[in-house]
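Q: Here's my sequence, what's the structure:
(chains A and B)
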Amino acid sequence: MSTPRPPLSPFAAAVGAAHRDGELVVQPRMGFPDTGRMREGLLAVRAARARTVGTVTVDSYTRVGDHASARAALDAGTDLNGYPIVAHGPAAVRRMLDGLLGGASDDGKPGNDEPCDGEPGDNEPGFAVQIRHGSADPLPIVETLLAAGLDATEGGPVSYCLPYSRTPLADAVSAWARACELLAERSGGTAHLESFGGCLLGQLCPPSLLVAMSVLEGLFFRRYGLRSVSLSYAQQTSPAQDAEALAALRLLAAEYLPGLDRHLVLYSYMGVFPRSRHGALALLRAGAELAARTGVERLIVKTPAEAHRIPAVQDSVLALEVAAAAARSTPPSYGAPDDREFGVLAEARALVEAVLELAPDIGTALIRAFRTGLLDVPYCLHADNANRSRGFIDGLGSLQWRTAGAMPVRTAAGPEARAPRAEELIDMLSYVQRAYDQGARLGTPAPTPLKERS
Amino acid sequence: MNSTLVERRRRHVVVSGVSSDAHTWNLVFLQLLLEEMGHQVTNLGSCVPDRLLIDECRRLRPDLLVISSVNGHGALDGGRMIALLRELPELRALPAVIGGKLGVAGAEAGSFGPALLAAGFDAVFEEADGTEAFRRLVGEAPPALEAVSPEPAPGTEAAPPAPVSPAGVS
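A: Alright, predicted model coming up:
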């Protein structure tokens, strides 16, 4: 009680409060070009029957630093796939968020059209918003969000460089180092940063590399001053393997990032989404149940609109409520999964340790790791990625390494080691979509251990 | 179709995304598909600025340019890029096609085909579920491609490059 704790980002505080209440925080992906529409979306997310935090996803022009094209599209009234936060500027963002953040009595301005009759205690953090962007050079975005009074965002020097840009990795490492320092300094030390390392290309990457990348980016964030981080993992093809990966991620986060405020965030499946409404909702529920079972603090949802178009506000609200309901009806499973069934923990630890041995500085170590192929993202076309590794879905639906280049992981021998043909690649990419559209459910809440099946 | 097979030869195809699109599974798939059809592929990857794409086409002089986009900015970025590319006399006759999820709204919202054809593409493949039309086109390229009257009818064309949902980023 008497120890003065460093203040937390309202975003991290909201997640922490929900976790203490035994509730999963659910969060949409959401970005509209217009400030008014964006505000309407955030209000709808806040009002959803779920424990929510809000998202402002920036558009693709802003992500690649082409703010002139974003501005031109706004002037011409052309639709964009997100909110161009830099082109709008901090004053517009403040207007958008006016009266929307925090508890009901917090900063309520005259003209706030949302009188709330809850009783927010002093410790009730209330509604918080995160900026999501995908940029390899996030400095203009970070400057804008800080100037608008926000302090929560996401990404990482590897996870927003290799899969999503042409920026050389060394440049992204420098840019992210500066962005982290700016976030830490200008927020007064409260800022929260989430690693996108648990997604990478979203599909066909065995979990050990996803877990290792999240931990390594967490170490990078700490090196550059962040004291509050979240580590991510994206739902893959096998619930049993996913549960093992999340357990491994939590354990390695505790080992490598002690003393930091931290939580885990699960991304609803990031690959080719089911086309049918029933399939999409079943996949969404499976992710929410995975999160609840494994004690994950926050879930970012996808929607039944995903396979067809960018979701509308009501699509996101529905997804948030469906996910929250599924999580509430799923008890946590205290029996830790057997961490040797898929070997995720051992592989992830081997990857992290091998990278940290390359250099005392984490940024340098990451650059050297990709140069030497010690880290190698499957199917990633970036010039700084070796692109010699390949993942595949095995007969039991889990992700395995077909080839791994120079990475210290176990690969499959035999006929599966040949390169996939185009049709096989599509088959693997649509494995989850097909299963859920056909009404199947991958895995079960209590999957049969491998040894009992063989 | 036998005549197509007889006439087919190994062609050099440049596969590329557009300037603001970070998706790559579509590009990985197209490269595999074209290589299996016997063609040589240079894959420029994602987020390719207009200038870089045009410079690479001038340098490589491919037989065909295949643009794929799934982030909803394909019509905007692709239209702007192809207009710039067609300004160069040496690239005016380069066969060039575009496909994928080309707008922010779903396929039902309308077709970008006519505008993209007017801007300079030789064929447009919007949102669909197969690759047959694209395979036929590539099998016949390039001599037959210039004679193909492009079909802007949306939904009837097969789209090669849309295996990934639109929100892959963040």
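
Q: residues making contact with the helix or strand containing A:Leu351?
A: Here A:Leu351 sits within helix A:344-356, counting by DSSP states H and E. The contact list for helix A:344-356, computed with CB atoms under 8 Å, 6 or more residues apart in numbering or on different chains, reads A:206-209, A:211-212, A:215-216, A:219, A:241, A:244-245, A:247-249, A:251-252, A:256, A:339-340, A:362, A:365-366, A:369, A:374-375, A:407-410. All C-beta atoms are positioned from the backbone trio N, CA, C, and that covers glycine.

Q: Stretch A:361-372 now?
A: Stretch A:361-372 has contacts (CB under 8 Å, 6+ apart) with A:157-158, A:162, A:169-170, A:173-174, A:177, A:216, A:219-220, A:223, A:354-359, A:374-376, A:384-386, A:406.

Q: repeat that with 6 Å
A: Residues outside stretch A:361-372 that contact it (CB atoms under 6 Å, 6 or more residues apart in numbering or on different chains) are A:Val158, A:Leu169, A:Ala170, A:Val173, A:Leu219, A:Phe220, A:Arg223, A:Val355, A:Leu358, A:Ala359, A:Leu375, A:Asp384.

Q: got a winner among those residues for most neighbours?
A: Neighbour counts for the contacts of stretch A:361-372 (other CB atoms under 10 Å in any protein chain shown) peak at A:Val158, which has 30 neighbours.

Q: Surely it forms part of a helix?
A: No: using DSSP: H, G, I helix; E, B strand; the rest coil, the assignment for A:Val158 is coil, not a helix.

Q: where does the chain dip in pLDDT?
A: This is for chain A. For chain A, residues meeting the criterion pLDDT under 70 lie at A:1-6, A:104-124, A:334-339, A:413-417, A:443-454.

Q: that's the wrong chain, I meant chain B
A: Within chain B, the ranges that satisfy pLDDT under 70 run B:1-8, B:105-110, B:128-130, B:140-170.

Q: ok, back up a step: identify each buried residue in the helix or strand following the helix holding A:Leu351, please.
A: Following helix A:344-356 in sequence order, the next helix or strand is helix A:362-372 (DSSP H and E). Applying a neighbour-count criterion of 16 or more other CB atoms under 10 Å in any protein chain shown, one finds A:Ile362, A:Gly363, A:Ala365, A:Leu366, A:Ile367, A:Arg368, A:Ala369, A:Phe370 buried in helix A:362-372.

Q: how far out from the middle of the chain is helix A:362-372?
A: Offset of helix A:362-372 from its chain centre (CA atoms, centre = their mean, to the nearest Å): 22 Å.

Q: where exactly do the helices run in chain B?
A: With DSSP state H as the criterion, chain B has helices at B:2-7, B:25-36, B:50-60, B:74-86, B:113-119, B:132-140.

Q: ok, back up a step: just the buried subset of the contacts of helix A:344-356, written out for PyMOL, thanks.
A: Filtering those down to the buried ones (16+ other CB under 10 Å) takes a single PyMOL command:
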select buried, chain A and resi 206+207+208+209+211+212+215+216+219+241+244+245+247+248+249+251+252+256+339+362+365+366+369+374+375+407+409
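
Q: picking up where we left off before, looking at the buried residues of helix A:362-372, which is nearest chain B?
A: Nearest to chain B out of the buried residues of helix A:362-372 is A:Phe370 (CB to the nearest CB; 15.5 Å).

Q: Find the nearest non-adjacent residue to the residue in the stretch 151-300 of chain A that chain B sits nearest to, please.
A: Residue of the stretch 151-300 of chain A nearest chain B, by CB to the nearest CB: A:Tyr164 (3.9 Å). What sits nearest to A:Tyr164 in space, not counting adjacent residues and going by CB to CB, 6 or more residues apart in numbering or on different chains, is B:Ala22, at 3.9 Å.

Q: so the one you found makes contact with B:Ser46?
A: Yes: contact criterion CB atoms under 6 Å: B:Ala22 and B:Ser46 qualify, at 5.0 Å.

Q: I'd like to know how many residues surround the closest residue to A:Glu23 other than its chain neighbours.
A: Using CB to CB, 6+ apart and skipping residues adjacent in sequence, the residue nearest A:Glu23 is A:Arg51, 4.4 Å away. If you count neighbours by other CB under 10 Å, A:Arg51 ends up with 22.

Q: Nearest to B:Phe125 among the helices of chain B would be which one?
A: helix B:132-140 (5.9 Å; CB to CB).

Q: and the angle from the closest one to helix B:25-36?
A: On the basis of axes from the mean of the first three to the mean of the last three CA atoms, to 10 degrees, helix B:132-140 is oriented at 40 degrees to helix B:25-36.

Q: residues of helix B:132-140 that come out buried?
A: Neighbour-count burial for helix B:132-140 [16+ other CB under 10 Å]: B:Ala133, B:Phe134, B:Arg135, B:Leu137, B:Val138, B:Gly139, B:Glu140.

Q: for stretch B:28-36, same thing?
A: Neighbour-count burial for stretch B:28-36 flags B:Val28, B:Phe29, B:Leu30, B:Gln31, B:Leu32, B:Leu33, B:Leu34 (criterion: 16+ other CB under 10 Å).

Q: which residues touch the fifth one?
A: What it means is B:Leu32. Counting by CB under 6 Å, 6+ apart, B:Leu32 touches A:Ala422, A:Leu425.

Q: Then the first one?
A: Going by CB under 6 Å, 6+ apart, B:Val28 touches A:Tyr379.

Q: swap in the fourth one?
A: With contacts taken as CB under 6 Å, 6+ apart, B:Gln31 has the following neighbours: B:Val15, B:Val41, B:Asn43.
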